[in-house]
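Novice: No sequence on hand, only this structure:
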């Protein structure tokens with residue numbers, strides 16, 4: 001069986017990919033989580049997100065999340081799964097700006113307890129305080145070159161406050177609700193392969209450390 005160079009490259013990139021951390025703190029709600037795109041070919045891949053409800057005081061539930069279609073490259077979401085069965089896929093058939101995420105603009109893809117992201121009243125279900133749920137969106141389209149950063153860099157349209165991803169909270173103790181944008185973290189670079197020669201700066205730091213250790217031993221003997 002022949003394997004294309006492009007396929008080998010995509011597999012190598014996916015092997016070294018790691019989830020990116022994200023978090024958000026709003027007026028009432030807060031969350032932590034991760035996001036990761038895992039490409040399986042130039043036309044298929046999966047976007048995996050996890051969310052933990054960390055709202056400390058106001059209670060309530062995470063009831064939805066919205067994000068964007070990078071460069072319009074996604075033409076279909078072939079499946080959506082979650083370990084919380086309350087959630088379902090939302091978005092118009094073309095996944096182009098069909099979700100009202102006011103005041104943060106129009107979003108392309110999402111998941112919520114019902115047909116709309118905003119919702120009303122007290123929710124039935126959702127991610128309660130202290131609980132975590134994982135969402136997996138299986139995607140199709142022209143996905144060559146798509147990475148996790150592609151989703152982080154793609155922002156909503158039609159607003160002076162565009163965002164890449166926003167989490168919806170409802171059903172708080174005094175009837176409050178919230179819409180909390182995500183702030184994305186960074187991942188440390190992977191360690192060098194065994195046997196790789198350190199950079200000159202690394203040698204300098206090693207030398208400095210050894211010198212300080214020797215100096216400390218000298219003073220301890222006095």
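Specialist: Nice, thanks for sending it over. Owing to the predicted nature of the structure, the values given are computational and were not obtained by experimental measurement. Residues are numbered from 1 along each chain as shown.

Novice: helix/strand/coil for residue 149?
Specialist: Following DSSP: H, G, I helix; E, B strand; the rest coil, residue 149 is assigned to helix.

Novice: which ones are touching the closest residue in space to it that isn't next to it in sequence?
Specialist: Distances taken as CB to CB, 6 or more residues apart in numbering place residue 20 nearest to residue 149, at 7.9 Å, with adjacent residues excluded. Using the backbone N, CA and C atoms, a C-beta is placed for each residue, glycine as well. For residue 20, the contact set (CB atoms under 8 Å, 6 or more residues apart in numbering) comprises 34-36, 148-149, 152, 184-187.

Novice: filter these to the buried ones?
Specialist: Buried residues within the contacts of residue 20, defined by neighbour count using 16 or more other CB atoms under 10 Å: 34-36, 148, 152, 184.

Novice: rewinding a little: so for the residue nearest to residue 149, what's the pLDDT?
Specialist: For residue 20, the pLDDT comes out at 96.

Novice: Next one: it from residue 72, what distance?
Specialist: 22 Å (CB to CB, to the nearest Å).

Novice: tell me which element the residue sitting nearest the centre point of the chain falls in.
Specialist: With distances taken as CA atoms, centre = their mean, residue 35 lies nearest the centre of the chain, 2.4 Å away. Using DSSP states H and E, residue 35 maps to strand 30-39.

Novice: so what secondary structure elements neighbour the helix or strand just after that strand?
Specialist: Using DSSP H and E, the helix or strand that follows strand 30-39 towards the C-terminus is strand 44-53. The contact analysis (3 or more CB pairs under 8 Å, 6 or more residues apart in numbering; DSSP states H and E) places strand 44-53 against strand 30-39, strand 61-67, strand 127-128, strand 132-141.

Novice: Quick one: those strands as TSV, columns for mean pLDDT too.
Specialist: Shown next, in TSV, are the helices and strands packed on strand 44-53 (pLDDT from 0 to 100):
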stretch	mean pLDDT
strand 30-39	97
strand 61-67	96
strand 127-128	94
strand 132-141	98
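
Novice: To residue 102, which of the ones you listed lies closest?
Specialist: Nearest to residue 102 among the helices and strands packed on strand 44-53 is strand 61-67 (10.9 Å), distances taken as CB to CB.

Novice: Against residue 141, how distant is the closest residue to residue 168 other than its chain neighbours?
Specialist: For residue 168, ignoring the flanking residues on the chain, the nearest one in space by CB to CB, 6+ apart is residue 64 at 3.9 Å. According to CB to CB, residue 64 and residue 141 sit 23 Å apart.
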